[in-house]
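J.: Sequence below, structure please.
(one chain, ligands or ions: 1)
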Amino acid sequence: MADFSNALNEDQVQLQSWVHDFAEHVMRPAAHEWDEREETPWPIIEEAAKVGLYSLDFVANMFADPTGISVPLVLEEVAWGDAGLGLAIFGTTLGVAGIFASGTPEQIGEWLPQCFGAPDKIALAAFCVTEPDAGSDVGSMRTRAVYDEASDEWVLNGTKTWITNGGIADVHVVVASVDPELNSRGHASFIVPPGTKGLSQGQKFKKMGIRASHTAEVVLNDVRIPGRLLLGGKDKLDERLARSRQGGTGQRGQAALATFERTRPGVAAQAVGIARAAYEYALDYAKERRQFGRAIIENQAIAFKLADMRMLVDAARLLVWNASWRGASGPGFVAAEGSQSKLFAGETAVKVTDDAIQILGGAGYVRDHPVERWHRDAKIFTIFEGTSEIQRLVIARAVSGVHIQ
Ligand SMILES: Cc1cc2nc3c(=O)[nH]c(=O)nc-3n(C[C@H](O)[C@H](O)[C@H](O)COP(=O)(O)OP(=O)(O)OC[C@H]3O[C@@H](n4cnc5c(N)ncnc54)[C@H](O)[C@@H]3O)c2cc1C
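T.: Numbering: from 1, shown residues only. Reported below is the predicted structural model:
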């Protein structure tokens, strides 16, 4: 009996096939329309809720798989269907992860169901970190949260930008500074409930790709929320701040880094899904398209490109599965494997979708075929959830132990 195997178990095979079916029959046929419309695809999210794909139960089960593999399995299939629609469905999990990472059990129990709503009354969540002057450099965040002791309320002011589901979400999880002198050690996360006065959507952005996913500014203007909506609670925050002011251990920074290592493989899996879609499409096309009296795949220039594309997709998936397993119940991270998977898969998606366009020639450049959309969709995977440069920084620091700038 071999100890090592990356074969899927029966549950995982069933899960993969069920999500693939949704991706193939619901997402693929709708992808072009929602890319063109550049609007939130409510009917698709509703369909996902109806079949149970968009629900707390489904997401909780997916994350509960002790092997860690269910998360990338689902997200690869969904992005294979369409990455923009996929983010419209799974963007809520960004907010969910924010609550899960810092919330008390009571807060998790109260707010996670509200992030999804119900099939007949869908809710969305958003995770608001990035600001106009604080992107990769999260420490320079300006959004302030000030505690009003008299009313036991937090008062939030600031502007968040490029927020997935920003302004249309029911639950906004907002990261703000409670002590600017402490940089990122002075940050805390807050839940802003539906309909809270002072929270509004600013500009909605028109994007290059993943256009079915809503991206907008979130403006916080004297937003008052009850004290109990500070994630983790005030006692824990006060303890942490006191430790940091005494030049403390930076444990929270370590915890945040570990959380990113665990969430990045899920983002990477979506990039694998897009790359696989483009590879499969280009392979089929190369067998059909004839020039000079033969199928274009009979030319090494095309066949070797396809060989490289397949190799990159498979390598990216292995990095994703390795990182997912390490984060779930495996031995943890030793060389920023989560960042490795995000970096490699993101860059693979950009390259493989570019190669697919090349293989299709003119047909690849026009909107009659999906490969140009996949290339536009792929690019965001080298930018959000940490740019490729930031992933390299994290990996370089992890392997060297040197604080590389
Ligand atoms: C479609 C979309 C959806 C998004 N969704 C969300 C969301 O839901 N919530 C949220 O909070 N944010 C979200 N973001 C923001 C995203 O996470 C940021 O865009 C990302 O972190 C990069 O920040 P930035 O764009 O400000 O780039 P910058 O930090 O300004 O970087 C610009 C360039 O400089 C490089 N650079 C910066 N610092 C260094 C360094 N130290 N060393 C080397 N190179 C460096 C970067 O790699 C990049 O190439 C989203 C963005 C987009 C476009």
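
J.: For the rest of this, base every contact and every neighbour count on C-alpha atoms.
T.: Fine.

J.: Any residue of the helix or strand of the chain with the lowest mean pLDDT touching the ligand?
T.: One helix or strand of the chain scores below all others by mean pLDDT, DSSP states H and E: helix 251-288, with a mean of 90. No. Helix 251-288 lies out of reach of the ligand by Cα under 6 Å from any ligand atom, never closer than 11.6 Å.

J.: now swap in stretch 382-392 and tell me
T.: Yes. On the criterion Cα under 6 Å from any ligand atom, stretch 382-392 is in touch with the ligand at 383-390.

J.: Next: stretch 35-42.
T.: No. Using Cα under 6 Å from any ligand atom, stretch 35-42 never reaches the ligand; the gap is at least 12.2 Å.

J.: in that stretch, what's buried?
T.: Neighbour-count burial for stretch 35-42 flags 35, 38-41 (criterion: 16 or more other Cα atoms under 10 Å).

J.: what does stretch 129-136 give?
T.: For stretch 129-136, by 16+ other Cα under 10 Å, it's 129-131, 134-136.

J.: Give me the neighbour count for Asn299.
T.: Neighbours of Asn299 under the rule other Cα atoms under 10 Å: 11.

J.: how about low-confidence regions in the stretch 201-350 of the chain?
T.: 248-255 (pLDDT under 70).

J.: let's see 50
T.: Of all residues in the stretch 201-350 of the chain, none has pLDDT under 50.

J.: Smallest distance to the ligand belongs to which residue of it?
T.: Closest approach between the stretch 201-350 of the chain and the ligand, counting by Cα to the nearest ligand atom: Thr215, at 5.8 Å.

J.: who's that residue bridged to?
T.: Per DSSP bridges, the residues bridged to Thr215 are Thr164.

J.: cool, and Phe127?
T.: Beta-bridge partners, per DSSP bridges, of Phe127: Val173.

J.: Just to check, it is in contact with Thr161?
T.: No. Between Phe127 and Thr161 there is no contact under Cα atoms under 8 Å: 10.8 Å.

J.: Which ones among the buried residues of stretch 129-136 also lie next to the ligand?
T.: Okay, of those touching the ligand (Cα under 6 Å from any ligand atom), that's 129-130, 134-136.

J.: Show me where the protein has its strands.
T.: 117-118, 121-122, 125-128, 144-148, 153-164, 171-177, 187-192, 199-204, 215-226, 290-291, 294-295 (DSSP state E).

J.: Mean neighbour count added to these, as CSV?
T.: Conversion of those to CSV gives the following (neighbours: other Cα atoms under 10 Å):
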stretch, mean neighbour count
strand 117-118, 18
strand 121-122, 13
strand 125-128, 28
strand 144-148, 19
strand 153-164, 22
strand 171-177, 26
strand 187-192, 24
strand 199-204, 18
strand 215-226, 21
strand 290-291, 11
strand 294-295, 13
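
J.: These into a markdown table, with extra columns for distance to Trp80?
T.: Output for the strands of the chain, formatted as a markdown table (distance: least, Cα to Cα, whole Å):
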| stretch | distance to Trp80 |
| --- | --- |
| strand 117-118 | 26 |
| strand 121-122 | 24 |
| strand 125-128 | 23 |
| strand 144-148 | 39 |
| strand 153-164 | 20 |
| strand 171-177 | 28 |
| strand 187-192 | 32 |
| strand 199-204 | 26 |
| strand 215-226 | 21 |
| strand 290-291 | 27 |
| strand 294-295 | 26 |
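
J.: Let me know the pLDDT of the closest residue to Val129 other than its chain neighbours.
T.: Of all residues not flanking Val129 in the chain, Val175 sits nearest, at 5.4 Å (Cα to Cα, 6 or more residues apart in numbering). With respect to pLDDT, Val175 scores 96.

J.: Equivalent analysis for Pro119, please.
T.: For Pro119, pLDDT reads 93.

J.: how many neighbours does it have?
T.: Neighbours of Pro119 (other Cα under 10 Å): 17.

J.: Excluding chain neighbours, what is closest to it?
T.: Closest to Pro119 by Cα to Cα, 6+ apart is Ala49, at 5.0 Å.
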